[in-house]
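Colleague: below is the sequence, then the predicted model.
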Amino acid sequence: IQLWLAEDSLKKQFKLLKAVERGDFLGVHGTVTKTKRGEVSVKADKIEVLAKALRTLPTEWSGLKDTEYRYRQRYVDLILNKSVREVFVKRCQILREMRTFLDEKGFIEVETPIIQSAFGGAAAKPFKTHINDLKQDAYLRISDELYLKRLIVGGFEKVYEVSKDFRNESIDSTHNPEFTQIEFYQAYADYEELMKLTEEMVARMLKKVNGGMKVKYGDVVLDFTLPLKRVKFRDVVLKETSIDIDKENTEDKLKKAMKAKKLAVDLNGVVGYGALADELYKKYVRPKLIQPCFLLDYPAEMIPLAKRKDGNPSKIATFQLLANSFELVKAYNELNDPIDQKERFEEQLDLEKKGLGASFGYDKDFVKALEYGMPPTAGWGSGIDRWTMLLTNQQTIKEAILFPFMGEKK
């Protein structure tokens, strides 16, 4: 619809138009009519300036060329670029579909602390803060896991949370210090059941948000048609590096095998068999996992909060959903033995004190909670930012976050 601004209708107000600039907000009162060419128009008889723009907007045809400018002044980016607005509409749809799916499956949405006295749930460096009134240091959460499992101990059988989490680590195309994830925990379930649930959730979300099971990302078409392929961690490492991690099953053996194969992996600060296997995977395996698949049966040393597989204690009952090398979902059978959990926490803490490993934190109250008994439970986590990247064909996570963190301008 267009405005029909005529001097005979507006009289003295017509002069206001000379002061109107790009970006101003106008209020218009008039009559809906048609021009001689048949175009529907509002013939204005009254106008007023509702808000005056004091800064000049870039022109639509020149747009915003400076990517950093777009991130720092996202409000201008949103004004000028419809495609950017559409990215964040789709982000909302992704989250809504995940929420609706879990609600319909009988999960309840909960809220757990963002500021915590002890961090945990992942191997990550936290943001540290201080509560003045209590004269006590605290941390921004790196994961929701330990509090959600406390709720399982407390009798809730199906819980989930959509959360902001924080990790004081590297910033790159797939990592931001503040990120959004959804985690759920289900009592009396195992990771095999969660794989089926994941397929069901992803299929529903893709059909609703993407219009089908094939996703165009860059030059690749990712095919999420069910059932998704399942591959074992040991098998893909063997395929891509010619190293059998079941045979090279100690830190020393794995280092020697990597050296013999002349595999260039930065081992600075990497200590322990699990960390070494993880670096090998990230460098040589993950980049090759393009088409969607479930990656199963990681070495037990890689995830201290996960339960070992029955009949094969060297592996953990876990899976990740990967597509285009993105780790989209991680899930596993939760460790519910308080003695085993305490020992694993202490081992990790000892490595951290020696400067030989990343910290998983040591939440003593969580161990206490496990001592009251936690039923067999499977847990699941997924990053909303990466799903948004994937389903909107964005090459950096900053395009999937409305206001990504930016360093000070120099």
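Modeller: All right, it came through fine.
Colleague: just the residues contacting stretch 306-321, thanks.
Modeller: With CB atoms under 8 Å, 6 or more residues apart in numbering as the test, stretch 306-321 has contacts from 190-191, 194-195, 198, 202, 228, 230, 233, 246, 249, 292-300, 302-303, 327-336, 382. Backbone N, C-alpha and C define where each C-beta goes, glycine included.
Colleague: just the terminal-to-terminal distance for that stretch.
Modeller: Using CA to CA, to the nearest Å, the end-to-end distance of stretch 306-321 comes out at 16 Å.
Colleague: and the strands in the stretch 251-400 of the chain, which stretches?
Modeller: 293-296, 308-309, 312-316, 318-323, 326-333, 377-383 (DSSP state E, counting those that start in this stretch).
Colleague: buried residues in the fourth one, which are they?
Modeller: By 16 or more other CB atoms under 10 Å, the buried positions in strand 318-323 come out as Thr318, Phe319, Gln320, Leu321, Leu322, Ala323.
Colleague: where's the fourth one relative to Pro177, distance?
Modeller: As for Leu321, its distance to Pro177 is 24 Å (criterion: CB to CB, to the nearest Å).
Colleague: redo the buried residues of strand 318-323 as a markdown table? Include pLDDT and distance to Thr388.
Modeller: Listed next are the buried residues of strand 318-323 as a markdown table, based on pLDDT from 0 to 100; distance: CB to CB, whole Å:
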| residue | pLDDT | distance to Thr388 |
| --- | --- | --- |
| Thr318 | 95 | 24 |
| Phe319 | 97 | 22 |
| Gln320 | 98 | 18 |
| Leu321 | 98 | 16 |
| Leu322 | 98 | 17 |
| Ala323 | 98 | 13 |
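Colleague: going by distance to Val20, which of the residues you listed wins?
Modeller: Closest approach between those and Val20, by CB to CB: Ala323, at 48.7 Å.
Colleague: would you map out the domains in this protein?
Modeller: Per automatic domain parsing, the structural domains of the chain span 2-56, 80-228+292-400.
Colleague: how far off centre is stretch 14-27?
Modeller: Distance of stretch 14-27 from the chain centroid (CA atoms, centre = their mean, to the nearest Å) equals 43 Å.
Colleague: that one spans what distance, first to last residue?
Modeller: 14 Å.
Colleague: again, but for stretch 201-218
Modeller: 24 Å.
Colleague: can you check stretch 366-377 too?
Modeller: End-to-end span of stretch 366-377 (CA to CA): 15 Å.
Colleague: could you do stretch 277-286 as well?
Modeller: Using CA to CA, the end-to-end distance of stretch 277-286 comes to 12 Å.
Colleague: hmm, back to that, drop anything exposed from the contacts of stretch 306-321.
Modeller: Among these, those buried by neighbour count (16+ other CB under 10 Å) are 190-191, 194-195, 198, 202, 228, 233, 292-300, 302-303, 327-336, 382.
Colleague: can you give me the helices in the stretch 51-200 of the chain?
Modeller: 67-72, 74-80, 82-104, 145-153, 191-205 (DSSP state H, counting those that start in this stretch).
Colleague: Phe405 and Ser41, how far apart?
Modeller: Counting by CB to CB - Phe405 and Ser41 are separated by 45 Å.
Colleague: pull the number of nearby residues for Glu48.
Modeller: Residues lying near Glu48 (other CB atoms under 10 Å) number 11.
Colleague: residues contacting it?
Modeller: With contact set as CB under 8 Å, 6+ apart, Glu48 has these partners: Leu16, Leu26, Gly27.
Colleague: on the three-state scheme, it is what?
Modeller: Applying DSSP: H, G, I helix; E, B strand; the rest coil to Glu48 yields a three-state assignment of strand.
Colleague: quick check: bridge partners of it?
Modeller: Assessed by DSSP bridges, Glu48 has beta-bridge partners Gly27.
Colleague: could you check how far it is from Phe25?
Modeller: Per CB to CB, Glu48 is found 10 Å from Phe25.
Colleague: ok, Glu199 next?
Modeller: The gap separating Glu199 from Phe25 is 47 Å, by CB to CB.
Colleague: between these two, which is the more surrounded one?
Modeller: Glu199 (17 against 11).
Colleague: so what's the more buried one closest to, chain neighbours aside?
Modeller: With CB to CB, 6 or more residues apart in numbering as the criterion, Glu199 has its nearest non-adjacent residue at 5.2 Å, and that residue is Leu226.
Colleague: what sits against that neighbour?
Modeller: Counting by CB under 8 Å, 6+ apart, Leu226 touches Glu199, Ala203, Met213.
Colleague: pLDDT and distance to Thr100 added to those, as JSON lines?
Modeller: Rendered in JSON lines, the data for the contacts of Leu226 read as follows (pLDDT from 0 to 100; distance: CB to CB, whole Å):
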{"residue": "Glu199", "pLDDT": "99", "distance to Thr100": "17"}
{"residue": "Ala203", "pLDDT": "98", "distance to Thr100": "14"}
{"residue": "Met213", "pLDDT": "98", "distance to Thr100": "19"}
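Colleague: of those residues, closest to Leu80?
Modeller: The closest of the contacts of Leu226, once distances to Leu80 are taken by CB to CB, is Met213, at 33.2 Å.
Colleague: who's in contact with that closest one?
Modeller: Met213 touches Ala203, Leu206, Lys207, Asp223, Phe224, Thr225, Leu226, counting by CB under 8 Å, 6+ apart.
Colleague: tell me the spacing between it and Leu3.
Modeller: Applying CB to CB, the value for Met213 to Leu3 is 45 Å.
Colleague: same check on Glu251?
Modeller: As judged by CB to CB, Glu251 and Leu3 stand 73 Å apart.
Colleague: who has more neighbours, the two?
Modeller: Glu251 (17 against 12).
Colleague: contact partners for the more buried one?
Modeller: By CB under 8 Å, 6+ apart, the residues touching Glu251 are Val271, Gly272, Tyr273, Leu276.
Colleague: save those as TSV, and put in distance to Lys125 too.
Modeller: Listed next are the contacts of Glu251 as TSV, based on distance: CB to CB, whole Å:
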residue	distance to Lys125
Val271	16
Gly272	17
Tyr273	22
Leu276	19
